[in-house]
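Visitor: Build me a model:
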Amino acid sequence: MEKRVQELDVLRVLAMLFVITYHFGYEYTVAGLPCFNLLNKTLNYDFGNIAVTIFIALSGGLLYKKYGVIGGTDNAKEQFKTFYAKRIKAIYPSFWILSLYIPLSMIRHLITDGNAFFLGTPFSLLLTVIGFDGYFKIFGVNTYAFCGDWFVGAIVLLYLLYPLLAKCYRELPVGTLLSLAILYALQYALPVEYHSLLSALPATLAFKFVVGFALIENLERFKDWRIAVASGIPFMAITLINIPGRINADALGTFAAFALFVVVFYLAQHLLRLNAISKPLQKLAALSYCVFLVQHVGIVWAQGAFIKIFEKLHWSFTQWNVTALLACTLLAIMIAAWILKLVSDWATKRVSKFLS
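Guide: Coordinates of the predicted model:
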């Protein structure tokens with residue numbers, strides 16, 4: 001069994017924090033409520049981009065570290081079967097459990113207004129089953145997306161592409177990265193109105209995924225303080241200095257994410273020497289996928305509850321009490337993610353035992 005790289009747990013937890021603070025800040029700003037800009041947006045990028053980029057890079061790099069190239073041997077069929085069976089177990093049980101909310105909503109709509117398919121067509125339900133409901137929704141398709149945003153569809157797409165991407169990278173690493181970088185850059189020729197979708201386009205996802213291969217291959221180099229400083233300087237510059245231009249749509253956030261990856265990995269080796277920090281981090285890192293699933297809907301539901309409570313008590317929202325609500329929301333999301341993981345693990349074991 002390969003030794004777990006605990007420094008990567010720090011990156012997982014950091015990405016979890018970023019995606020929560022970004023969506024929290026977004027939802028409260030849209031609602032017109034006062035909110036500190038706490039890990040939400042900078043002049044050039046938002047922390048949602050940072051979070052997704054780090055998760056995608058981690059997913060790609062760790063898969064490449066564990067599996068390398070799939071196929072090409074006498075037991076290629078068994079390798080593919082094992083790989084995709086494990087991916088299905090990792091992605092779908094918790095996603096499907098949360099998505100049970102959708103048929104319950106359909107029943108409610110059938111009773112109240114006689115229309116079970118209130119957001120789309122029966123075909124839209126198929127998108128939910130395969131995890132692409134949120135992904136297609138951002139392209140204007142009516143779906144019943146409830147949890148996971150577009151991330152679930154994006155990661156499923158990358159898992160499907162993994163054998164091809166890994167084979168190309170193994171045979172021609174520089175050429176593969178360069179080709180994907182060019183495909184990524186060519187997307188900036190699209191009209192400006194499409195730049196908000198750049199983060200989710202296949203070429204963008206594949207580029208970040210394969211960069212993850214290279215990052216994980218070079219982890220030992222990132223333990224050098226000089227490389228950490230060389231990465232930290234451009235990260236701080238991109239974070240604090242306004243850089244105008246069309247490149248802001250995704251590229252600056254992507255570069256900042258990779259630079260931060262290197263800096264945090266270096267710092268993590270020192271942080272993990274404290275047992276009071278290392279053990280909780282490991283437990284939180286295990287919840288990362290479930291947190292991604294529940295965080296946005298959890299933020300929206302908690303916000304609705306807070307607004308009703310404040311109205312009933314005649315309280316006013318301030319930046320300070322909204323920050324306290326962020327802490328409460330974080331705690332609620334972690335508890336929900338922990339429960340979801342427990343239920344998902346239990347259900348997966350039961351089904352596996354039944355099938356065997």
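Visitor: what about Leu100, distance to Asp149?
Guide: Relative to Asp149, Leu100 is positioned 18 Å away (CB to CB, to the nearest Å). (Each C-beta comes from the backbone N, C-alpha and C, glycine too.)
Visitor: Give me the more crowded residue out of these two.
Guide: Asp149 (23 against 10; other CB atoms under 10 Å).
Visitor: in a strand, that's where the more buried one is, yeah?
Guide: No: counting by DSSP: H, G, I helix; E, B strand; the rest coil, Asp149 is not part of a strand but coil.
Visitor: isn't there a helix covering Leu38?
Guide: No: the assignment for Leu38, made by three-state DSSP, is coil rather than a helix.
Visitor: which residues touch it?
Guide: With contact set as CB atoms under 8 Å, 6 or more residues apart in numbering, Leu38 has these partners: 21, 25, 323, 326.
Visitor: Specify which member of those is nearest to Gly153.
Guide: Thr21 (23.1 Å; CB to CB).
Visitor: ok, that closest one to Leu33 distance?
Guide: Thr21 sits 15 Å away from Leu33, going by CB to CB.
Visitor: what about those two, which has more around it?
Guide: Neighbours per residue (other CB under 10 Å) separate Thr21 from Leu33, with Thr21 holding more: 25 against 19.
Visitor: Helices of the stretch 1-150 of the chain, start to end?
Guide: 7-30, 47-67, 76-98, 101-113, 122-129, 133-137 (DSSP state H, counting those that start in this stretch).
Visitor: so which of the ones you listed gets nearest Tyr162?
Guide: It is, among those and with distance given as CB to CB, helix 47-67, at 6.0 Å.
Visitor: Low-confidence stretches in the chain?
Guide: Within the chain, the stretches with pLDDT under 70 are 1-3, 72-74, 246, 356.
Visitor: Just the buried residues of the contacts of Leu38.
Guide: The neighbour count (16 or more other CB atoms under 10 Å) marks 21, 25, 326 as buried among the contacts of Leu38.
Visitor: Quick check: closest non-adjacent residue to the second one.
Guide: Same thing as Gly25. In this structure, Gly25 finds its nearest non-sequential neighbour in Asn40, 3.2 Å apart by CB to CB, 6 or more residues apart in numbering.
Visitor: quick one: the one you found and Leu157, what's the gap?
Guide: As judged by CB to CB, Asn40 and Leu157 stand 27 Å apart.
Visitor: Before I go, just wanted to say thanks for your time.
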